[in-house]
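A.B. asks: Okay, here's the prediction I keep looking at, along with the sequence it came from:
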Amino acid sequence: MSATETKPEEVFDVISDEKKAGDIETGEQLTAEDAAAALDAEVVDASLANKLTSAIVPQTDDPDTPHLSARVWILGTFWCAGMAAANAIFSFRTNSITLDPTLAVLLSYPLGLILAKILPTSKISIGKFSFTLNPGPFSIKEHVLISVMASAGSASPYALYNVVSQRMDMFMGNDKIDFLQSFFWVITTQLVGFGMAGLARRFLVKPAAMLWPGILSQTALFVSLHKPDLKLNTWKISRFSFFWIALGAIFVYELIPNIFATSLQAVALLCLFSSNKIARFLGSVTPPISGPGFLGLTFDLQYIGTGVFLIPWIYQLQSWIGNYIFVYLVAVPAYFTNPFGHPAQMGTGTDADIIPGTNDTLSYFNANQLFNKHGIITKARSLYQKPDYSLNITKYNEVGPIYISDFFAITYLIDFIVLPAMVTHVAVWYGKDVIRQFKAAIKQINDETDIHNKLMAVYTDVPEWFYGAWLLVWTVALCFTCAFTEFRMPVWGVILATVTSFVLLLPIGIVLGITGTQVYLNVLQEFIAGLLMPGDTVAVMCYKSIGVNTAYQAITLLADLKQGHYLKIPPISMFASQIYGTIIGSIVYLGVAWWMMFQTSIELGGGDWQVLSYLTFYNAGAIWGAIAPARFFGIGSVYQNLLWGFFVGFFAPIAVWGLSKLYPSKHWHMVNIPLIVYINGSNQFQNYFIVAPLMGFIFSYYLLTKYPDWWKKYNYVLAAAQAGGVAAAVLFATFLTAEGVNFPVWALNPDPNNSYFDYYCYGVDAFGNPTA
């Protein structure tokens, strides 16, 4: 084994059992009593985090480096508003896309350098206050703050789904809702979560164990652009050069599956080998009529993502094991055995369900549609009753009970397992660490053993009382908004949704901070709201938005604070940038969306502008609001047995914890039940089961263990290059499509209007013509 090679077991054996236990952060020797603490979950996680971040996270700092400068306000406002406007328009498209904030990171770098050269350096005085437009060279801290503003602006306000669903004529069409009501609704739901984040940062930002894998690629990008390069004898090319070479290569490569050969996005290998009915089902990959995608491939990196570079292999492996179990060993057998007793054939009820040249019918295994008692697709909006959009009982009794596909039902089962499992997992493995941090917070004790905490101690932090006051003020504002606007919901509902999000923020954040996997609260909040307010569709939709968005916004600020922690950005500047970007982005996003609904000449509802993302939210209101969970999951309902998921989720982590007591090992806490269970789910391309885990093994295990010097220098930089290259290529392809530029139809580039990517699974050619 070479001197630069890392033993495979060292990836997991992050604390040597053969050496005397030492403090992983200071190098000081622990006492014999403390040595037993080496098995502590947080200690093990912290050691792994330090191993993975040491090559890219700076361990020095210059507090005099410019940060919240005029350049930040200029470029941050430009990118925040620009990306918000573009994404608001794209959100109405049939295949909606989102401009990746990485584009703003890349393009703001040369713009920052230009401003550093052309802006005047003289001081400007206003009374006793003075400042300069040009404080010196464009710094990494300025760059990060611009990125924070751009990211806040590019993210769609979740509450906008309520605005579109309730106001747009093709949905509820409530003309009592005006722009001012919508503004108060959007801005209050956006800002409540930041107070939660501030109160949770001691637990989710400062501990070294909170790795936050998702932000490491962008951290590496900032370091590559601004910091001296890592000097290695074997790998000479600089990170800066490597990034731009990789970005260009990935951009060019991505043009192939996005423009010239789109069927490479989803290849159904099994269908190419056989036209057998079972093979068609098992091999097809394109939703909603596809099967489980057995042997499905993708050659498009946008379906792979950057997690294959960022998430430790031990967690990737568990995630893929869970996907294989729940898709192939649970959902597929359920499809053939029909445990929920739905009609034998589910579909449109027309000849369109017949595969040309055969007697076989299309499979709706991967669908998220609703089906009536005859197995025919039923639109959720047909069940509404105006003017309050409650359930039309007469209509429901005519078509009910309502069914969903087996895979969709299994996806709900997963949601019911994950949330209690997440809470229990955090309680048994991290409970004492949370209590210790809580006691330290009460006593105002700061942990300064970690090098990053030491360096950040020189900066004034936003005090806990301010975050608490922020949370209280905006929660009260949200209560008034729900009481006096058409986004109506009882005050107790606002408080309950907010409290639920706050309570679950800690387990969500710990799982995300360690594994890079984010668990969303959609289903839980819909479930609670539907039980407490059955039939009140608007209230259920509003409850969901508050419950989901407050936690999401808190996670967003926590992630930014962690990146600021890594790169030594003053916390007050990070908080100010996040708030500013969120407010500007929300105003622009809402304004452009309002223009799209009422002023644009684009005909919404058809063609390339079917507003499917908003339609999905609107239809969910029927499931959880009008129909309500009692009819779907209550005693005597079709899907009542899915509720056992809550029981399984609560006790599964306890079982793992019990095994750790019988067979002690410092690795048991890495058996993460929420991660294993949290699969990708239905109504998605089932094309990632081979390529993604293979890439994860190569980049997060093989290269880490066999070529650790290469991995330390280039791995996270490559992840950033992939994100940027894919985003640029998808944006370019979308622009060509919008301009009506069409490329020739051929075997690898099927007609998008008549064929799926895996058209050969359905008895047609690339033009959509029957082949038999």
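C.D. replies: Nice, thanks for sending it over.

A.B. asks: The residue nearest the centre of the chain: what secondary structure?
C.D. replies: Closest to where the C-alpha atoms of the chain average out (C-alpha atoms, centre = their mean) is residue 518, at 6.1 Å. The local conformation at residue 518, judged by DSSP: H, G, I helix; E, B strand; the rest coil, is coil.

A.B. asks: tell me the phi and psi of residue 339?
C.D. replies: As for residue 339, its main-chain torsions (degrees, to the nearest 10) stand at phi -70, psi -20.

A.B. asks: for residue 665, that is, sorry about that
C.D. replies: Per degrees, to the nearest 10, the backbone of residue 665 is at phi -160, psi 150.

A.B. asks: Equivalent analysis for residue 391, please.
C.D. replies: phi -70, psi 130.

A.B. asks: do residue 371 as well
C.D. replies: phi -120, psi 140.

A.B. asks: Just give me the neighbour total for the residue lying closest to it once chain neighbours are set aside.
C.D. replies: Take residue 371 and drop its neighbours on the chain: the residue closest to it by C-beta to C-beta, 6 or more residues apart in numbering is residue 403, 4.4 Å away. In short, each C-beta sits where N, CA and C put it, glycine included. By other C-beta atoms under 10 Å, 23 other residues sit near residue 403.

A.B. asks: likewise residue 747?
C.D. replies: Residue 747: 11 neighbours (other C-beta under 10 Å).

A.B. asks: What pLDDT does the model give it?
C.D. replies: Predicted confidence (pLDDT) for residue 747: 89.

A.B. asks: who's in contact with the residue nearest to it when sequence neighbours are not counted?
C.D. replies: Leaving aside its sequence neighbours, residue 747 sits nearest to residue 766 (C-beta to C-beta, 6+ apart; 5.5 Å). Counting by C-beta atoms under 8 Å, 6 or more residues apart in numbering, residue 766 touches 263, 745, 746, 747, 749, 750, 751, 755, 759.

A.B. asks: What of residue 490?
C.D. replies: By C-beta under 8 Å, 6+ apart, residue 490 lies in contact with 482, 533, 539.

A.B. asks: what are the ranges of the strands in the stretch 251-400 of the chain?
C.D. replies: With DSSP state E, counting those that start in this stretch, the ranges of strands along the stretch 251-400 of the chain come out as 267-268, 296-297, 370-371, 377-378, 384-385, 390-391.

A.B. asks: out of these, nearest to residue 308?
C.D. replies: strand 296-297 (14.9 Å; C-beta to C-beta).

A.B. asks: Contacts only, for residue 496.
C.D. replies: 528, 532, 543.

A.B. asks: Including distance to residue 629, pLDDT and neighbour count, could those residues go into JSON lines?
C.D. replies: Formatted as JSON lines, the contacts of residue 496 follow (distance: C-beta to C-beta, whole Å; pLDDT from 0 to 100; neighbours: other C-beta atoms under 10 Å):
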{"residue": "528", "distance to residue 629": "9", "pLDDT": "92", "neighbour count": "21"}
{"residue": "532", "distance to residue 629": "10", "pLDDT": "92", "neighbour count": "17"}
{"residue": "543", "distance to residue 629": "13", "pLDDT": "95", "neighbour count": "28"}
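
A.B. asks: ok, back up a step: look up how far residue 733 lies from the residue nearest to residue 747.
C.D. replies: 18 Å (C-beta to C-beta, to the nearest Å).

A.B. asks: Next one, pLDDT for residue 7 please.
C.D. replies: pLDDT, residue 7: 44.

A.B. asks: got it, and the one 5 residues further on?
C.D. replies: We have a pLDDT of 41 for residue 12.

A.B. asks: same question, residue 310
C.D. replies: As summarised for this prediction, residue 310 has a pLDDT of 85.

A.B. asks: one step back: of the contacts of residue 490, which is the most crowded?
C.D. replies: Among those, residue 482 has the most neighbours (other C-beta under 10 Å), with 25 neighbours.

A.B. asks: Could you check which helix or strand contains residue 680?
C.D. replies: Assigned by DSSP states H and E, residue 680 belongs to no helix or strand.

A.B. asks: Contacts only, for the closest residue to it other than its chain neighbours.
C.D. replies: In this structure, residue 680 finds its nearest non-sequential neighbour in residue 323, 6.4 Å apart by C-beta to C-beta, 6+ apart. Residue 323 makes contact with 679, 680, 689, according to C-beta under 8 Å, 6+ apart.

A.B. asks: What distance do you get for residue 323 to residue 266?
C.D. replies: Applying C-beta to C-beta to residue 323 and residue 266 gives a distance of 16 Å.

A.B. asks: Pull the contacting residues for residue 481.
C.D. replies: By C-beta under 8 Å, 6+ apart, the residues touching residue 481 are 181, 184, 185, 188, 487.

A.B. asks: Can you give me the pLDDT of the closest residue to the last one other than its chain neighbours?
C.D. replies: It stands for residue 487. Spatial nearest neighbour of residue 487, chain neighbours left out: residue 185 (4.5 Å); criterion: C-beta to C-beta, 6+ apart. Predicted confidence (pLDDT) for residue 185: 97.

A.B. asks: What helices and strands are in contact with the helix or strand residue 185 falls within?
C.D. replies: Here residue 185, judged by DSSP H and E, is contained in helix 179-204. Applying 3 or more C-beta pairs under 8 Å, 6 or more residues apart in numbering; DSSP states H and E, one finds that helix 179-204 makes contact with helix 160-167, helix 406-442, helix 464-484, helix 491-515, helix 537-567, helix 571-598.

A.B. asks: got any ranges where the stretch 351-500 of the chain has weak pLDDT?
C.D. replies: 351-353, 355-360, 437-449 (pLDDT under 70).

A.B. asks: If we use 80, what do you get?
C.D. replies: For the stretch 351-500 of the chain, applying pLDDT under 80 flags the ranges 351-363, 367-369, 379-381, 386-388, 432-450.

A.B. asks: ok, now the stretch 1-150 of the chain?
C.D. replies: Looking at the stretch 1-150 of the chain by pLDDT under 80, you get 1-56, 94-100, 125-131.

A.B. asks: For the helix or strand residue 454 falls within, enumerate the helices and strands it packs against.
C.D. replies: Using DSSP H and E, the element containing residue 454 is helix 451-456. Applying 3+ C-beta pairs under 8 Å, 6+ apart, we find helix 451-456 packed against helix 537-567.

A.B. asks: quick one: the helix it packs on to helix 160-167, angle?
C.D. replies: Calculated by axes from the mean of the first three to the mean of the last three C-alpha atoms, to 10 degrees, helix 537-567 forms an angle of 160 degrees with helix 160-167.

A.B. asks: Between the strands of the stretch 251-400 of the chain, which one is closest to residue 506.
C.D. replies: Here strand 370-371 is closest among the strands of the stretch 251-400 of the chain (C-beta to C-beta), at 35.0 Å.
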